[in-house]
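J.: Just need the structure, nothing else, for what follows:
(chains A and B)
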There are 2 protein chains.
Amino acid sequence: MSVSEQLGEREIIETLWKQMEKMARMPVPFGDDVSAFSVDSERLAVLKTDMLVGKTDVPPNMSLWQAARKAVVMNVSDFAAKGVKPSVMLISLGLPRGFTKAKIEEIGKGLNAGAREYGAYIIGGDTGEASDLVISVSLFGLAPKKSLMLRSGAKEGDFVAVTGAFGRTAAGLKLLLGTLGAETDDRDTLVESVLMPHARLKEGLALGRTQVVTAAIDSSDGLAWSLHEIARSSKVGFLIDKLPAAEEAVKVAAANRLDPSELVLYGGEEYELVVTVKPKLWNKAADAVKQVGGKLSLIGKVTRGRQVFLKVDGEKRAVEPRGWEHFKSCTC
Amino acid sequence: MSVSEQLGEREIIETLWKQMEKMARMPVPFGDDVSAFSVDSERLAVLKTDMLVGKTDVPPNMSLWQAARKAVVMNVSDFAAKGVKPSVMLISLGLPRGFTKAKIEEIGKGLNAGAREYGAYIIGGDTGEASDLVISVSLFGLAPKKSLMLRSGAKEGDFVAVTGAFGRTAAGLKLLLGTLGAETDDRDTLVESVLMPHARLKEGLALGRTQVVTAAIDSSDGLAWSLHEIARSSKVGFLIDKLPAAEEAVKVAAANRLDPSELVLYGGEEYELVVTVKPKLWNKAADAVKQVGGKLSLIGKVTRGRQVFLKVDGEKRAVEPRGWEHFKSCTC
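T.: Numbering: from 1, shown residues only, chains lettered A, B, ... in the order given. I've put the predicted structure just below:
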């Protein structure tokens, strides 16, 4: 493998971005989870596009219906993290030769299910031939400028919190790939977490309305990666003192002699929100999430240094900036 | 090849659309060149996504810079046909393994060139690994509701007109594929028409402002196909009595014993606009295009029957509903 083959997703995006003439006064900086264009003094048109590729994004045993739905969910999750409601979406579909009508119907049903689950509609798109199944989703929504949550506003002393527990998808993927030895009672739950992800849209919209969130991101590339991304964009660091480990992940780690924090920190395709909140207004954020049926869990604090640490039993360990970056982490 | 392998683009899109729960009051009907969402009483957010796939959309000798630029141009052309100015775009990029940094830079430069040529900016996107090069472009613009040109408003007696001459790209592609025997003096012009397409954005915006166009489409799938699409959406027919043949296409057809009308009608990747205009207001449309440096050429009339005919030397021949539909016409 040559050096060029090891270009990561970040490096590719930055290389592309360097070639672009920049629009003045971009309402959302390049590299955040969504892009935006001002439609009037109070509102933004918010845009997002993300591509699911069969070869790298569809694990074994995931049906076409599930893959299509997932393509929508992973885009909605980015809107959720910014506090933006998706209104409509367009689908650009690349299909391998020989796809039957039944398969295309299954994809259509999965796309529609994903969209309707979050109150959005699919209103257009395009199709063409490709070697892999490629599902490119383009999301659009209108959002009040003041409710948008970016990656870049975290301040030293802010609380950092998450909308759920981590580690299930990392374990679930190992089960699907057959790389986990011991059996587990939680097999269905773990596998389901991979095949049927859910975006935290209600939570994200509620948090956006509070205007007490200083930075936000979804955890699709893993908890560690998300923390490092906020750290990078906000020029801060983190001290995590309560690892948000899913019970099933802890159990499966114990049975397989795995480090549970590995599953919790360095998994991915886990669509929770990671947010920083002004400490004095913590209750407002936590209550807003509670009111929509969710739970915001405090996991640590924003620090001054640019590093991310995990405090376990009084000992500080560095959390590495690695995660679910496809080009580099894919084992195929 | 099984029957399922021969599903055309239209059938795939209709199959997908049947699975979708429909949004009420869509400002632009499904199946038109763009999609839209109402942002206030006067304006629409206009959206478009279209995917360029290396295997099927990039002819031999087209550079990566040209392919990337073309991915943008083909999307802009659809905005042009609707009278909508593109403001910003997002790129979703699928890259085969082993793409060098230099190649990625070339793609970035091509994308930027395409966007800036039409006054738009690229403001975001995403990248991932794919077996083919896949460039999915998502376009966004705001448009006054009253200036939007749809496919569906042509009425019997309307004039039908085009913004340029046809046949160059069909001949140019044959040259690139090496399937044209005789040499031609116009090789550079013909090849250039394939490698460096231009969208008729100025013309489209000027026509949209006149509000005298009853239906419009771009000719990316060929002139015959475009006429049949307007016919289908507007429930009308056409009688074409002046074939808009490019001089170079006529010459190359003669030298190679080809039917020039075949090149003119059934080519594709030729980004002219095909519009129908209220006869009494023809001058207004023609003048508007002239004022932006273009030329609107009358080629025939809208008729009552649902068929498309070409009148040559007093004889009426049916124009077939075939064109540049990738899944079916690709010879690879």
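
J.: Give the helix, strand or coil label for A:Phe238.
T.: Classification of A:Phe238 using DSSP: H, G, I helix; E, B strand; the rest coil returns strand.

J.: correction: A:Met20
T.: Applying three-state DSSP: A:Met20 is coil.

J.: Correct me if wrong: it contacts B:Ala120.
T.: No. Using CB atoms under 8 Å, A:Met20 is not in contact with B:Ala120; the gap is 11.1 Å. All C-beta atoms are positioned from the backbone trio N, CA, C, and that covers glycine.

J.: Please identify which of those two sits among more neighbours.
T.: Comparing A:Met20 with B:Ala120 by neighbour count (other CB atoms under 10 Å in any protein chain shown), the higher total belongs to B:Ala120, at 23 against 19.

J.: Could you find the closest non-adjacent residue to that one?
T.: Spatial nearest neighbour of B:Ala120, excluding adjacent residues (CB to CB, 6 or more residues apart in numbering or on different chains): B:Pro86 at 4.3 Å.

J.: That neighbour contacts B:Val137, doesn't it?
T.: No. Contact criterion CB under 8 Å: B:Pro86 and B:Val137 do not qualify, at 9.7 Å.

J.: which secondary structure element contains A:Ile135?
T.: Assigned by DSSP states H and E, A:Ile135 belongs to strand A:134-144.

J.: Which secondary structure elements does that strand sit against?
T.: Applying 3 or more CB pairs under 8 Å, 6 or more residues apart in numbering or on different chains; DSSP states H and E, we find strand A:134-144 packed against strand A:43-53, helix A:64-82, strand A:88-95, helix A:101-117, strand B:43-53, strand B:88-95, strand B:134-144.

J.: Could you tell me how far A:Met62 is located from A:Pro197?
T.: Distance, A:Met62 to A:Pro197, using CB to CB, to the nearest Å: 11 Å.

J.: who touches both of these two?
T.: A:Lys70 (CB atoms under 8 Å, 6 or more residues apart in numbering or on different chains).

J.: Let me see the confidence value for A:Met62.
T.: Here, the pLDDT recorded for A:Met62 equals 95.

J.: For it, list the residues it contacts.
T.: Here A:Met62 is in contact with A:70, A:176, A:194-195 (CB under 8 Å, 6+ apart).

J.: one step back: now the angle between strand A:43-53 and the strand holding A:Ile135, please.
T.: Angle between the axes of strand A:134-144 and strand A:43-53 is 160 degrees (criterion: axes from the mean of the first three to the mean of the last three CA atoms, to 10 degrees).

J.: Can you name the element that comes right after strand A:134-144?
T.: Immediately after strand A:134-144, counting by DSSP H and E, sits strand A:159-162.

J.: A:Phe37 is in contact with B:Ala120, isn't it?
T.: No. Look at A:Phe37 against B:Ala120 with CB under 8 Å: they stay out of range, at 10.6 Å.

J.: list residues touching both of these two?
T.: Joint contacts of A:Phe37 and B:Ala120 (CB under 8 Å, 6+ apart) are B:87-88.

J.: what comes up buried for the strand holding A:Ile135?
T.: The neighbour-count check on strand A:134-144 (16 or more other CB atoms under 10 Å in any protein chain shown) flags A:134-143 as buried.

J.: want to try a markdown table for those residues, with distance to A:Leu150 and pLDDT as columns?
T.: Converted to a markdown table, the buried residues of strand A:134-144 look like this (distance: CB to CB, whole Å; pLDDT from 0 to 100):
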| residue | distance to A:Leu150 | pLDDT |
| --- | --- | --- |
| A:Val134 | 29 | 93 |
| A:Ile135 | 27 | 95 |
| A:Ser136 | 24 | 94 |
| A:Val137 | 22 | 96 |
| A:Ser138 | 21 | 97 |
| A:Leu139 | 17 | 98 |
| A:Phe140 | 19 | 98 |
| A:Gly141 | 16 | 98 |
| A:Leu142 | 17 | 98 |
| A:Ala143 | 12 | 97 |
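
J.: Which secondary structure element is home to A:Arg232?
T.: Per DSSP H and E, A:Arg232 falls inside helix A:223-234.

J.: export the strand or helix carrying A:Ile123 as CSV, just CAs?
T.: Here A:Ile123, judged by DSSP H and E, is contained in strand A:121-129. C-alpha atoms of strand A:121-129 as CSV (Å, rounded to 0.1, in the frame of the first residue of the first chain):
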residue,chain,number,x,y,z
TYR,A,121,-40.2,13.8,3.2
ILE,A,122,-38.2,12.6,0.3
ILE,A,123,-39.1,15.0,-2.6
GLY,A,124,-36.7,14.1,-5.4
GLY,A,125,-33.5,12.5,-6.5
ASP,A,126,-31.6,10.8,-9.2
THR,A,127,-30.2,7.4,-10.1
GLY,A,128,-27.4,6.0,-12.1
GLU,A,129,-25.3,2.9,-12.5
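
J.: That one pairs with which strands, and in what direction?
T.: Using DSSP bridges, strand A:121-129 pairs in its sheet with strand A:88-95 (parallel).

J.: Could you list the buried residues of stretch A:95-103?
T.: Taking 16+ other CB under 10 Å as the criterion, stretch A:95-103 shows A:95, A:97, A:99, A:103 as buried.

J.: Contact partners for A:Leu243?
T.: A:166, A:260-261, A:264-265, A:299, A:310, A:312.

J.: repeat that for 10 Å
T.: A:165-167, A:223, A:250, A:260-261, A:264-265, A:299-300, A:310-312, A:319 (CB atoms under 10 Å, 6 or more residues apart in numbering or on different chains).

J.: Kindly give a single PyMOL line that selects the buried subset of these.
T.: In PyMOL, a selection of the buried entries from those looks like this (16+ other CB under 10 Å):
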select buried, chain A and resi 165+166+167+223+250+260+261+264+265+299+300+310+319
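
J.: Also within reach of chain B: list those from the contacts of A:Leu243.
T.: The subset of the contacts of A:Leu243 within reach of chain B, by CB under 10 Å from any CB of the partner chain, is empty.

J.: SS state for A:Pro59?
T.: coil.

J.: circling back: please enumerate the shared neighbours of B:Pro86 and B:Val137.
T.: B:48, B:72, B:75-76, B:115.

J.: could the residues you listed go into JSON lines alongside pLDDT?
T.: As requested, the shared contacts of B:Pro86 and B:Val137 are exported to JSON lines (pLDDT from 0 to 100):
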{"residue": "B:Lys48", "pLDDT": "97"}
{"residue": "B:Val72", "pLDDT": "98"}
{"residue": "B:Asn75", "pLDDT": "97"}
{"residue": "B:Val76", "pLDDT": "98"}
{"residue": "B:Ala115", "pLDDT": "98"}
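
J.: re the thing from before, would you mind saying which of the helices and strands packed on strand A:134-144 lies nearest A:Glu9?
T.: Between A:Glu9 and those, the shortest gap by CB to CB is with strand B:88-95, which sits at 9.7 Å.

J.: and the angle for that closest one with helix B:101-117?
T.: 160 degrees.

J.: In helices, which of the contacts of A:Met62 fall?
T.: A:70, A:176, A:194-195 (DSSP state H).

J.: got these as CSV, with neighbour count columns?
T.: Putting those into CSV (neighbours: other CB atoms under 10 Å in any protein chain shown) gives the following:
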residue, neighbour count
A:Lys70, 24
A:Leu176, 18
A:Val194, 25
A:Leu195, 18
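
J.: Nice, that's everything, thank you.
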